[in-house]
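Enquirer: fold the following.
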Amino acid sequence: MIKLKEVTIDKYKVFTSPQTVRIEDDITSLVGLNESGKTAFLEVLAKINFFDKDSSFRFNKLTDFPRHLLKAYEGKIDDLEVAVCKFEITDELAELISKDVGEGTLIDNQFYFGAKYNNWQVWRDFEVDIKAFLRFNLRDYLGEKDVEAFIESVESFTEIPERAVTVENPRTRKAVNDLYNYIVGSAYPWPDSLKGYIAKKWLRPNLPLFWYFDEYYSLPDRINLNDLASSDSDDESYRTSKALFNLAKINVDDLLYTENFEKYIAELENTANLITDKIYSYWSTNKNLELEFEIEIERHQKKSGKLFKNTEDYEIRYLNIRIRDKFNRVSLPLNRRSKGFNWFFSFIIWFSQIEKDEKTDYVLLLDEPGLNLHAVAQADLLSFLKDLSKEYQVIYTTHSPFMLQNKDLSKVRTIADFQEGSIISDVENEDDPETLFPIQVAIGYDIAHNMLIKKKNLAVESVSDLIVLTVFAEYFRSQNEPSLSSKVAITPLGGLSNVIKFITLMSGFSLDLVVLSSDDNVEADSFSKKELEKMASFGAEKLLYYSEFSDDFENNTVFDLLSKEDFLKFVTEAVPSIKDLLEVSDVIHPYLKNFNLFSPLPLSDYELALHIAKKGIGKRKTSAETFNNFRLLFEKINSLLEVK
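Expert: I've put the predicted structure just below:
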């Protein structure tokens, strides 16, 4: 019923100046280098309103305050506001508040809450309408003339007792004073008790709790049951172990005094199966993993007395957890196999503590989630987090490009470390190349994927190829003549070596690809050609060259599909001054077609392609030879891709 909208932190570890960060309603991700302050940002949020009693999630000036500033702020630190959050009240909660104190009493649906270094709460003022409050609560007395005058005279809650003497009816005056005393008695001891009442009854109980998880919460492969039953440690893995037994509804003490473990093993296995099934609804990699549990008893002797003559037998009991790969028929201790799976498994165990709490809002704080997961599994995890964000606000840190929401970078924040302290920015305001690198990789991968908007694809070298082929394909379609199928997407890649990289990159997307290359005589590409033909997903017959469809000249490009007359016409239209050169000898013509070798020609292949697109083609403008060359090419491509 309350959403986190913004957080401002100051003087916390690497953050030496105020940093204000917008928080999304669903997912907010933070990207930065190691030691830039990603973990510190999540820590400071968690300490504002942690979901559980944990001494490690309280502010401590000795460990949290920037060390180099300790002397400068000596004696002032306790009272410093280390973090203040801006929250927004949902319509649902606003309606409940209105039913209690009156519609219009709470003017704004936003308020600020935070903490000081001494762990005292920080409340920033929010506005209330005292007259709306009084009209609602004194609605049964509004018929009395002096009541309306009393309401109009009150400017703040503290004035109520003083102004109440103007109410003549003793019964009404008592109602006013009773109302005042009730609010004061039910409120925080603030100067304005009405604000203190709303904060105490409605805002504080409905504040979101912050739930934190990192790799240190991973379940261990060997749990000392004696220690688990007798101590209350703040160790993260210990707390996850406790959560596992709570989820399985097993009292650890029972395991210390029984000799028959079958019932308990069955409960643990059933719980593990439920968790694994949940994981596999997202986990698309190895689905042959399952957990095995075993109780181990170690017997020891404790010696005491003079010369240790007295002995006392005692036992230490352990729960051993192994992970079995059913496909390879092998098992290993949990922490020696599939760290990624263990992270996912441990996350769901720890998350189970709050999952069934439907009355409380939670903000999930995840530090480097899925750090040990393969890129494909990270994409699965991101899908899982997106589903969680339908019920919870999720804030996570990462430096993996595959954990970024590249569809909406407005939800990504960057953290960069500078000499004066770490700075948090929106992506568009970040200019540190190392910080931006994962984002650039994510964008590049997304662009490469989205370039292939269809399952059938034609890879060409340059944008010039794309332009010219598109011009002719669209013309044929406009004339209802056979053309390159509209199901085929043309993608400029830039050479055979890039095609190999591209096929490797896109191998998981079930794409059908034909490659159209400029020259089959270039020695530099001979190795790439052989490697390409060896690739299982690509046959040699799908590697085409322009020379197969035009044998006029040696330097084969898309422009070789043009007849000599059409080529010269387009060139001289684009660069009229070259006409005189062409009249010297036709021998110049082949060199013109390799523009980089003819230095006097002020025309690039891209500019020529744009000129062709601008001028257009047609039966009166373009020769039958040119049209026939393009038709043969398109027919071959359609045949290879099995499209019409």
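
Enquirer: what comes up buried for stretch 286-301?
Expert: Along stretch 286-301, these residues count as buried under the neighbour rule (16 or more other C-beta atoms under 10 Å): 286, 289, 291, 293, 295. C-beta here means a position set from N, CA and C on the backbone, and glycine is covered the same way.

Enquirer: what's the mean pLDDT across it?
Expert: Stretch 286-301 carries an average pLDDT of 84.

Enquirer: and residue 403, how far from residue 333?
Expert: 27 Å (C-beta to C-beta, to the nearest Å).

Enquirer: so these two - more neighbours on which side?
Expert: It is residue 403, of residue 403 and residue 333, that has more neighbours when counted by other C-beta atoms under 10 Å, with 25 against 13.

Enquirer: does residue 196 really touch residue 188, like I thought?
Expert: Yes. Counting by C-beta atoms under 8 Å, residue 196 touches residue 188, with 3.6 Å between them.

Enquirer: between these two, tell me which one has more neighbours.
Expert: Just comparing residue 196 and residue 188: by other C-beta under 10 Å the higher neighbour count belongs to residue 196, 19 against 16.

Enquirer: ok, that one to residue 93 distance?
Expert: Between residue 196 and residue 93 the distance is 17 Å, computed by C-beta to C-beta.

Enquirer: what do you get for residue 247?
Expert: 30 Å.

Enquirer: what of residue 207?
Expert: In this view, residue 207 and residue 93 are 11 Å apart by C-beta to C-beta.

Enquirer: which neighbours do these two share?
Expert: residue 2 (C-beta atoms under 8 Å, 6 or more residues apart in numbering).

Enquirer: tell me where the stretch 201-350 of the chain has strands.
Expert: Applying DSSP state E, counting those that start in this stretch to the stretch 201-350 of the chain gives strands spanning 209-213, 222-224, 289-304, 310-325, 330-333.

Enquirer: of those, which is nearest residue 419?
Expert: Ranking the strands of the stretch 201-350 of the chain by distance to residue 419, with C-beta to C-beta as the measure, places strand 209-213 first at 29.1 Å.

Enquirer: so how far is the closest one from its chain's centroid?
Expert: Put simply, strand 209-213 sits 17 Å off its chain's centre (C-alpha atoms, centre = their mean, to the nearest Å).

Enquirer: quick check: beta-bridge partners of the closest residue in space to residue 224 that isn't next to it in sequence?
Expert: Closest residue to residue 224 apart from its sequence neighbours, by C-beta to C-beta, 6 or more residues apart in numbering: residue 318 at 5.9 Å. Residue 318 forms beta bridges with residue 224, residue 296, as assigned by DSSP bridges.

Enquirer: now render the strands of the stretch 201-350 of the chain as a markdown table, adding distance to residue 476.
Expert: Listed next are those as a markdown table, based on distance: least, C-beta to C-beta, whole Å:
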| stretch | distance to residue 476 |
| --- | --- |
| strand 209-213 | 58 |
| strand 222-224 | 71 |
| strand 289-304 | 54 |
| strand 310-325 | 55 |
| strand 330-333 | 59 |
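
Enquirer: among those strands, which comes closest to residue 274?
Expert: Of all those, strand 289-304 sits nearest to residue 274, with 11.2 Å by C-beta to C-beta.

Enquirer: show the end-to-end separation of stretch 483-492, please.
Expert: Terminal residues of stretch 483-492 lie 19 Å apart, using C-alpha to C-alpha, to the nearest Å.

Enquirer: which positions in it come out as buried?
Expert: So, applying 16+ other C-beta under 10 Å, buried residues of stretch 483-492: 483, 484, 485, 488, 489, 490, 491, 492.

Enquirer: narrow the residues you listed to those in strands?
Expert: Judged by DSSP state E, the subset of the buried residues of stretch 483-492 located in strands is 488, 489, 490, 491, 492.

Enquirer: what residues does stretch 632-639 touch?
Expert: Contact partners of stretch 632-639, identified using C-beta under 8 Å, 6+ apart, comprise 458, 472-473, 476, 482-485, 488, 514, 516, 544, 546, 548-549, 561, 644.

Enquirer: 6 Å instead, please
Expert: By C-beta atoms under 6 Å, 6 or more residues apart in numbering, the residues outside stretch 632-639 that reach it are 458, 483, 484, 485, 514, 549.

Enquirer: now, among the residues you listed, which is nearest to residue 341?
Expert: Lowest distance from residue 341 to the contacts of stretch 632-639 (C-beta to C-beta) belongs to residue 514, with 39.6 Å.

Enquirer: my guess is that closest one is in a strand, correct?
Expert: Yes. Going by DSSP: H, G, I helix; E, B strand; the rest coil, the assignment for residue 514 places it inside a strand.

Enquirer: who's in contact with it?
Expert: Going by C-beta under 6 Å, 6+ apart, residue 514 touches 458, 542, 637, 640, 641.
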